[in-house]
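1. Quick one: sequence and predicted model below, then my questions.
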Amino acid sequence: MNIILLGPPGAGKGTQANLLVEHHGMLQLSTGDMLRETRKADTELGRRVAAVMDAGELVSDEIVSAMIDAKLADMGDEVGAIFDGYPRTEAQAHSLDDILAKHDRKLDHVIELVVDEEALVDRVTGRFTCANCGEGYHDRHKLPAKEGVCDKCGSTEFKRRADDTEDTVRTRMNEYRAKTAPILPIYDARGIVQRVDGMAAIDDVTTAIEKVLASA
Ligand code: ADP
Ligand code: ADP
Ligand code: ZN
């Protein structure tokens, strides 16, 4: 089972992908996470990627598609892949078709998380993660059970993304509207898009996604 989680910044893709990994042993393939690793390196590529990300623009199709191809080539015995934040352009959607065919896989579902635009700014500007295990949190919607301590690993170190500012979120939302939303018709034509209400509580969104996965 291979699925795409599609939605604008802050829609809940990472949160839901993590839960699917926990519940089903699927493999999360987040191009955002891969690029955050790339930008850490003190290299020409690392600097270029950091500048594009901090501007809220999209990294080139060639770079991200090559990353996805490499991850699928190394994939172990996970039951399937969750594409989180990829594809984001029509060119990437076509590359994904080629990459999946090359690795003898097919796409089962495209799950669109539908969220009000105004809520996205709140989601993204309140977002933080555990610096040790990466568990995602939110200032208002998902605080750790014990203040300042990660529920998952007990760490007391947290971090915020450099690109999670209100200005950058607006640019990222425009990028989504202009370049990513137009890929939906490609998958609609194949009858594999399922829309899920991303404004619901985190657990209710998970239940809705589980229903889609069970419907195959
Ligand atoms: P969010 O979870 O808020 O949607 P991501 O972590 O997926 O954001 O992506 C952060 C940034 O990384 C994007 O704004 C963009 O600069 C870059 N990026 C991530 N995935 C892609 C992709 N598939 N194509 C191009 N750029 C990407
Ligand atoms: P994306 O990967 O799509 O950019 P995230 O999964 O990182 O989005 O979610 C963005 C922020 O919103 C995080 O701080 C997360 O804890 C919070 N969040 C995710 N889903 C929900 C939800 N259904 N209701 C309220 N807050 C949510
Ligand atoms: Zn942690």
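-> Structure's in. What do you need? Ligands and ions are numbered 1, 2, ... in the order given.

2. Could I get the contacting residues of Asp204?
-> Asp197 (C-beta atoms under 8 Å, 6 or more residues apart in numbering). For every residue, glycine as well, the C-beta is placed using N, CA and C.

3. pLDDT wise, what is it at?
-> At Asp204, the model reports a pLDDT of 98.

4. same thing with Lys179?
-> Reported pLDDT for Lys179: 98.

5. Just give the number of residues close to it.
-> Number of residues near Lys179 (other C-beta atoms under 10 Å) recorded here: 17.

6. Relative to ligand 1, how far out is the residue nearest to Glu157 when sequence neighbours are not counted?
-> The shortest distance from Glu157 to any non-neighbouring residue, by C-beta to C-beta, 6 or more residues apart in numbering, is to Ala131 (3.9 Å). Look at Ala131 and ligand 1: by C-beta to the nearest ligand atom, to the nearest Å, they are 16 Å apart.

7. Quick check: buried residues in stretch 77-95?
-> Neighbour-count burial for stretch 77-95 flags 80-89, 91-93, 95 (criterion: 16 or more other C-beta atoms under 10 Å).

8. Would stretch 8-16 count as contacting ligand 2?
-> Yes: with C-beta under 6 Å from any ligand atom as the criterion, ligand 2 is reached by stretch 8-16 at Pro9, Gly10, Ala11, Gly12, Lys13, Gly14, Thr15.

9. Can you tell me which residues in this structure are near ligand 3?
-> When proximity is defined as C-beta under 5 Å from the ion, the chain approaches ligand 3 at Cys130, Asn132, Cys133, Glu135, Cys150, Lys152, Cys153, Ser155.

10. so which of the residues of stretch 8-16 next to ligand 2 is the most crowded?
-> Gly10 (26 neighbours).

11. how about the nearest residue to it, chain neighbours excluded?
-> Arg123 (3.4 Å).

12. The one you found belongs to a helix?
-> Yes: looking at Arg123 with DSSP: H, G, I helix; E, B strand; the rest coil, it is inside a helix.

13. My read is that it contacts His138, right?
-> Yes: with contacts counted by C-beta atoms under 8 Å, Arg123 reaches His138, the gap being 7.1 Å.

14. neighbour count winner among the two?
-> When neighbours are counted by other C-beta under 10 Å, Arg123 and His138 differ, and Arg123 comes out ahead with 23 against 17.

15. still on that earlier bit, restricted to strands, list the buried residues of stretch 77-95.
-> Ala81, Ile82, Phe83, Asp84 (DSSP state E).
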